[in-house]
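Just to be clear, the model below is a prediction. Sequence and coordinates:
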Amino acid sequence: MSAEAKGTGEAAREERVLVASQWRLIWWRFRRHRLAVVAGIVVLLLLLTAVFSDFLATGDPRASRAVRRHLPPQSISWFDGGRWSPHVYGIRSRIDTETLQRVYDADPAEKIPVRFFAKGEPYRLLGLIPAGRRLLGIEDHPTRTHIYLLGTDKLGRDLWSRLMYGTRISMSIGMVGVMVSLFLGVAFGGISGYYGGAVDTVIQRVIEFLRGIPTIPLWMGLAAALPRDWSIIRIYFAVTIIISLIAWTSMARVVRGKFLSLREEDFVAAARLSGCSEMRIIFRHMAPAMTSHIIAATTLAIPGMIVSETALSFLGLGLRPPAISWGVLLQEAQNVQAIAMYPWLMTPALAVILAVLAFNFFGDGLRDAADPYGK
Amino acid sequence: MLAYIFRRTLLACGTVLAISIVAFMIIQLPPGDYLTAYIATLQAQGDVISLEQIAALRAQYGLDRPIHVQYGMWMWNMLHWDFGVSLAYNRPVSELIGERLLLTVVVTLAAVIFTWLLAIPIGVYSAVRQHSIGDYIFTFIGFIGIAVPGFLLALVLMYGAYAWFGLSVDGLFSDEFIEAEWSMARVRDLLSHLWVPAIVLGAAGTAQLIRILRANLLDELRKPYVVAARARGLSLWRAVLKYPLRVALNPLVSTIGYILPALVSGSVIVSVVLNLPTVGPLLWRALLSQDMYLAGTIVLLLSALTVIGTLISDILLVLLDPRIRLEDRQ
Amino acid sequence: MPRNSSRFIVFVLVIAAVAAIFAARRMRGPKVPADAGRASSEPPAAVEEQRAVVGRGHSFQYNGPMPTEFHEAPELAALVGEGKLPPVEERLPEEPLVIPPVERIGKYGGTWRRAFTGPADGQNIDRLQHDHVIYYDLDGYTLMPHIAKSWEVKEDGRVFEFKLRKGMKWSDGQPFTAEDFLFAHEDLIFNDELVPVKPMWLRPRGQLGKFTKVDDLTFRYTFAEPYYIFLDFYGLAGVAGQSAAGRGLSCVYAPAHYLKQFHRKYVSEEELQNKVDEAGLDNWVQLIKQRGAADLNRDLPVVAPWKVVEPITGQLFTLERNPYYWAVDPQGNQLPYIDRITMQLTQNLEVLNLRAIRGDIDMQHRHIQLAQVPVLKANAAKGGYRVLFWRSQSGSACGIFINQTYEEDPEVGRWLRNKDFRIALSHGIDRQALNELVFLGTGTPRAYLCAPDSPYYPGPEYENLYATMDLEKANAILDRIGLDKKNSEGFRLRSDRNDPLVITIAVTGDAFFDYPGTAELLAEQWAAIGIKIHVSVEERSVSGARMVANQQQITLWETGASDSPFFSAPTGSGCAYAPLIGAWYESGGQKGVEPTGVFKEMLDLYEKGLTLRPEQRIAAGRKFWALQAENLFAIGTVGRSPAFNGVLVVKNNFRNVPDEAPNDSLLQNPGPARPEQFFFDN
C-alpha cells in the first residue's frame, strides 16, 4: 500500500472516531473484549430460550410416569446405516428388587424416528399463541410420545422440558426483579446524589439500615408472612419483590456515586452557567453520561437475583413445586442419591453457572466499554 | 475529623437500635411461636397434648404477653448483659453463642485468606495482561465461585471426597475430637477439615475482589509515573508490584469491615449443609423453631457487626485517603 | 483477524470439545444389551427370602433357669477391683430381668455411633432406652414384665397391682422402690403447678384414678370403672418411661432422693429461689423440669441401660453404660453389652444420610430416608453395613385425612362430609404409581387398616374396600352427587357458584416422608376426575396449629401409630379427621362439636373398649376398623412399607438385631428389639 493511501486510511479512521456517536464508541470498545462478546451471545440465547421455552421443550414438564422414574438421558442417534435418520431406541424397564431402582435397557430392534418441528400436543406459546409444533419430537407413534434428552426425575418427568420452563421463570425473575431494583435505585440514588445535604444523609442511613438487616432472617420472616392460599403467580411476584428489597440499595449507591462525581464536571457547570434549568441539566446532560453505567450495573445485578432465587428455594421460602424454576430443580438435585446415582439431575446447576457467568462477563464488558476514561 | 467519627458512631448506634426492633418483629412474623413448633414436635412423636396444657406452657414461657412487652423485657435484660434463655436448648443464649464464636471466626478467617490468595494474583494478572487468554482463563476461574450454587457444591464436594478419596469431610472435627480439649492433634484435625468450607465460602467472594482490584490497578497503571518508570527500563512486574499494587490494595482494606458479617450471615446455607459447629446453623435452627431470644440476639449481633463494619470501613477510608478528607470538608 | 482472537477461539473450541466428550461419556443413554430380550415392566414382586431371617418368631420372654453366677463388663470389673463400685451381685436386683438374645450371647465393648438433629430430637435416644414399667415383646402385641417383676389385675379391671424387683437400684446406687412411684404421683403428677392437666391415661372417661403404695415393692392403681386397656397405655413410652416422660414430669416413677431437693414441698422458699437464680432460670417449675429431664441433666439418676454423660444440647450427645442396670442375659452377663453411645449433631439430613452411606453410623433408622435406599445398598459393601426393612403394621406412611368438621368454606365442608365424594376420591387414586414413585415399590396398595395378622383385623373384605383405581366409577359418582358441571379445563364447578371447586391439601415439608411429592401426585391424579387441588406446604408447627384450629381441609400424615384402634379414636384436638369432635371429648363437652352418627358410634366403642378384657375387646376393635374402612375419614394409600422410619442401617459387626420387627410409632422402635442386647462382634 502506498504511503498516501495508508495516510488516507488512517485519517479516514480518525475522522470516523471523532464524529462517531457515544453508542458507536461504546460498541467499538465493547467488541474488543472477546469474552464479553461471547458472553453477550450466551445472554441472548438464554433470553430466547426463556421466550420460546414451550417450543424448545419436548413435552409436558408436569406429566409424571411411574415407569420412567430416574431414566438416564437418552441420546439421539443421528445416522442409521449411513443415512441421515435421527432416532431414539425403545425403552424396556424392570425393577431391581434388591436396590429398588428401575433398570433400563434400550431395545435396539425398536427405532423410533425423531423429527424436527414435530407436531405434538397443542400448547400455547407464552400462554397466548396457540401452537402445535415443537423443535424436536416423536410423531404418531403408538407407544412412545417423549424423548428424554436429559432423562427424568424421581417422578418420571422429562428433565429437559422442565429445564426449558425453568429457564423462563428464573430469567424473568431476574429481569423483573432488576427492573424493580432499577426503579427504586435510580429514584432514591438520584434524589440522594443530586440534592445532597440532609436528604442525602437520611437516605444513606436508610440504605445502611436496610443493608444491616441479615438477609436470611428477613427473607424467612417475609416469606412466612405470605398467605398460604396464594397462587403460584402471586408467590412468584412476592418472591421477586422480596429479593429486590435489598438489591436496590446497591443500585442506589452506584447512581448516587455517579451523580456526585458528575455534579463536579465542567460540562455541568457550563450548562448551568449558560442558564439551563435543573431538569434540563439532569435529563439532557447528566443522564446520558450515566445511562451506560446504569445499564452495566443493571446487567451485573441480574446474576445476584438468579442466585438469590436459588437460595430462597433451598430455604424452602421461594418457589415450590409445582412451580418450575432453576431453584426448584436444584432443590430436587440437592440430595446424595441425585449426586451419586442420577447426576443428570444436576444439569440445572450448569444452567445457573452459565447464566451467572454470562451476565457477569457481559456486564463487565459493558461497564469497561462505557467508561469514558478507559483505554 | 473527630467530629465526623463521633457523629457517625452516634448514627450507627441509632441504626443498630432500629434494626433490633425490626429483627424482633421479623422473628415474630411467621404465624405461631416457639410453642407451636414444640407442640408440633410432640404431636409428631405421638404424644398427646391438650389445649389446656398448651395454655399453661405458654404462660410459663411468657409467650402470652404482648409483643412490645416481650421486646421491652429483652432490651432491658440485654442492657444487663442478659441475653435471655434459648427455649429449645434450655441454656443461656450467651453460652450457646460463646461456644461457637471461636470456630466461626476461624472458619471466616480461613475463607477470607482463601479469597485473598485466589483473588489478588488473578486481579493483578488480569490488569496487567488485559484481554489476553490468561486473563480470560483466570477470570473464568475466579468467577466460578459466585456462579456455582454453594449448597450444591458443598454436597458434591462432601460426596466426592468420600466416593473418590474415602475421606469424611463434613463438620469441622472427626468424632474423637469433637468435645476434646485443644491440642496439636485437634488443631491438625481441624485444618484437615477446614479446606472444604474455606473453598466453598471463599470462592464466593473472589469475584468481587478481583473486580475491585483489577479496576483499581488499571487506573494506577495508566498514571504517568508508571509509564515513566517503564520508559526508564523497569521491568513490568517490578513496576507493578513496587508501588501501584500497594495503592490499589488500599480500598481493599476498607472492605474488611464488610467481611465478618457478610461471611457469617451469607454462609448460613453452606454452614448448614456442611454441618459446621458455627453460629450460622444455630441461627437457622432458631429461626425455624422461632426460638426468639436466641434468634433475636444473633440477628442483632450480625447487624451490629455490619453497621460497625461499615463504620470502620468509612473511618479507615477517611484515614487512608487524604482526598476524601479534603472533599468532605468542602 | 488479530492473532489473539483466533487463539481465543481455538481455546474455546478445545474446552467445548473436552466438555462435550466428558458429558457424553457421563450420560450415556440406556445401554443396548447383547441380546434383545424383552423384560417387560411389571409391578414389583415380593422380595424372596434367600437366607434365614434373623430373629423371626423370637420372643424375649424367658422361661429357662435363672442364672446363678453373674458377670460384668471388664471396665466395671476394674472399678470393682479398685473399690469404687460394689460387686455385680450387689448391684443387680435379686431377680434381674433375663433377656434372651436374638442371635447369640454377646461380647462386651464398643461405642455405638449415631446421629441426631438437635435438642428437639430427644426421641432419638428415648427409643433406645425404653425404661418402661412393662413393655411389649418383639411381636408388638404381647405385654411383658420389664421394670416390674409381675402384675395382677383385680376386681374386674378396676385395680392393677405391680410388683417391683427387690434390690433394684438407681444408677447412683440408691435403692429403687415404690417410694419413687409414690413421689412421682403425689408430688409431681398430682401437683397442679407442675402438671396442670393430668395425663389422659390416668383419667378414663374423665375420672381420675388413684395411686396407692402398698409396700416398698408393691403399688397399685384404682379406678372407678373397669379399665382393662390401662395396661396397653402403661406399656407406652410417653407414659411409663422416664427417658421420654420424665422431661414433662409426668412419668410414673422418678428419683425421689434426687428430685426432692428441687421441690417446693421439701425445700425452703429461699433455698429454692437461690437454686433457681443460680441456674439462670425464672421459677422453680422450670428448674425441676430441667433437672428431671434425663437428656439435659447428667446428674439425674436413671434406670435406663445407658446414662447421659454429655447432654443433648452439645455437639456430641454421649451416654455410657449404667453400672446398676437390672437385666442380664441367660448366662448371667449384666447388660448392656455396648459401652457407650455417641450421637453427633447433624442438622442437615443429607449429611446424616451421607454419614450412614459412609459407614460412620453403627445402627440407626431414625432420619434414614427410603429414597436413599439405592445409594445405601450400592455402598453397603464398601461401608460394611446391611440395610434392613422394618415394615409398618398399621395403616400406611401416608394417610389422607379428610377433616369432617371443616367449616370455613361451607361448600368445601359439605363435600368433605359427603361419603360418596370420599369414595370417588379413593377410586381416583393410582396407588400403584404412588407405591412405585414414593414408596419405591416397598409397600402394598390397600385401604387404611391394620395388618391382616393383627387381632383387630376386620376381615379380608375390607382389605381393598374402595381402594382400587376406577376412574369411570369415580367420575360417575361425582356426576351423580351434583358435581357434574365442569369448566373449560375439565375441573368440576362448585354447586354454589361458577368457580371450580378447589380443595387444599396441607402437607409439611420437613417430615420423615416426602409428603409434598405425594400431594403433587395426588393433585395430578385427581385432576383426571375433575377435582382441582391446591397444595400448601407448611412448616410443621404451623400445620399442626391450623389443624387444631379446624382450618385444614385435607392433610397428609402417617396413620401408622398403632394397629390398635383404641389409639386412633377421635379423643383429642389433634385428631386430623375430626379435630372439633376430639376437642369435645378432651374438654369434657366444653368445646368443640358434639359427636353424632358414626362418630358417636366410634366413641361409644372406644369407651366400651376401655373397660373390656383383651379378648372381649377384639370384637369392638374390629367393628371400629370396619367403621374406619367404610367411612373413609382417612383414606389409605400404600401400607405395610418401611417408608416411615423403617429403613435400618446396621453395620455388619453389629449383631442381635432382628431382620424384621413391627414398626409403629407407639412401639417406639427399636425399643421392642431390646437394644441392651445388641453387641459388637469384633
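Here it is on my side, so go on. Numbering: from 1, shown residues only, chains lettered A, B, ... in the order given.

can we go C-alpha only for contacts and neighbour counts from here?
Will do.

Could you pull up the contacting residues of residue 301?
No chain in the question, so chain A it is. A:Ala301 makes contacts with A:Val178, A:Ala247, as judged by C-alpha atoms under 8 Å, 6 or more residues apart in numbering or on different chains.

wrong chain, I was asking about chain C
Going by C-alpha under 8 Å, 6+ apart, C:Pro301 touches C:Trp170, C:Ser171, C:Asp172, C:Pro255, C:Tyr258.

Which of those residues fall in helices?
Using DSSP state H, the subset of those located in helices is C:Tyr258.

List buried residues within the contacts of C:Pro301.
If you count burial by 16 or more other C-alpha atoms under 10 Å in any protein chain shown, the buried members of the contacts of C:Pro301 come out as C:Trp170, C:Ser171, C:Pro255, C:Tyr258.

Report the separation between the second one and C:Tyr337.
As for C:Ser171, its distance to C:Tyr337 is 16 Å (criterion: C-alpha to C-alpha, to the nearest Å).

ok, now C:Glu152?
32 Å.

So for those two, which sits in the more crowded spot?
Set C:Glu152 next to C:Tyr337 and count neighbours by other C-alpha atoms under 10 Å in any protein chain shown: C:Tyr337 wins out with 25 against 11.

so which of the contacts of C:Pro301 would you say is closest to B:Tyr159?
Nearest to B:Tyr159 among the contacts of C:Pro301: C:Ser171, at 41.7 Å, using C-alpha to C-alpha.

How about the contacts made by that closest one?
Counted by C-alpha under 8 Å, 6+ apart, C:Ser171 has contacts C:Pro301, C:Val302, C:Val303, C:Lys307, C:Asn322, C:Pro323, C:Tyr324, C:Tyr325.

Up against chain C, what does chain A have?
Applying C-alpha under 8 Å from any C-alpha of the partner chain, one finds that chain A approaches chain C through A:34, A:64-67, A:69, A:72-75, A:91-95, A:97-101, A:104-109, A:154-155, A:228-229, A:321-322, A:335-337, A:340-341, A:344.

if you set the cut-off to 7 Å instead, what comes out?
Neighbours of chain C within chain A, by C-alpha under 7 Å from any C-alpha of the partner chain: A:66, A:72-75, A:92-95, A:97, A:99-101, A:104-108, A:154-155, A:228, A:322, A:335-337.

Which among those residues count as buried?
Neighbour counting over those (16+ other C-alpha under 10 Å) leaves A:66, A:72-75, A:92-95, A:97, A:99-101, A:104-108, A:154-155, A:322, A:335-337 as the buried ones.

Among those residues, which lie within strands?
Under the assignment DSSP state E, those contribute A:Arg92, A:Ser93, A:Arg94, A:Ile95, A:Gln101, A:Tyr104, A:Asp105, A:Ala106, A:Asp107, A:Pro108 to strands.

Would you convert those into TSV that also reports pLDDT?
As requested, these are arranged in TSV below (pLDDT from 0 to 100):
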residue	pLDDT
A:Arg92	86
A:Ser93	86
A:Arg94	87
A:Ile95	86
A:Gln101	87
A:Tyr104	89
A:Asp105	86
A:Ala106	83
A:Asp107	83
A:Pro108	81
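
does C:Lys169 really touch C:Pro175, like I thought?
Yes: judged on C-alpha atoms under 7 Å, C:Lys169 makes contact with C:Pro175 at a distance of 4.3 Å.

So for the two, which residue has more residues nearby?
Set C:Lys169 next to C:Pro175 and count neighbours by other C-alpha under 10 Å: C:Lys169 wins out with 23 against 18.

so who does that one touch?
Contacts were defined as C-alpha atoms under 7 Å, 6 or more residues apart in numbering or on different chains; by that measure C:Lys169 touches C:Arg91, C:Pro175, C:Phe176, C:Tyr324.

again, but for C:Arg56
C:Glu660.

just for the stretch 451-600 of chain C, where's the confidence low?
The model of the stretch 451-600 of chain C has pLDDT under 70 over residues C:510, C:541, C:560-561.

For the closest residue to chain A within it, which non-adjacent residue is closest in space?
Closest contact between the stretch 451-600 of chain C and chain A, by C-alpha to the nearest C-alpha, is at C:Ser536 (6.5 Å). Nearest non-adjacent residue to C:Ser536, counting by C-alpha to C-alpha, 6 or more residues apart in numbering or on different chains: C:Ala506, 4.8 Å away.
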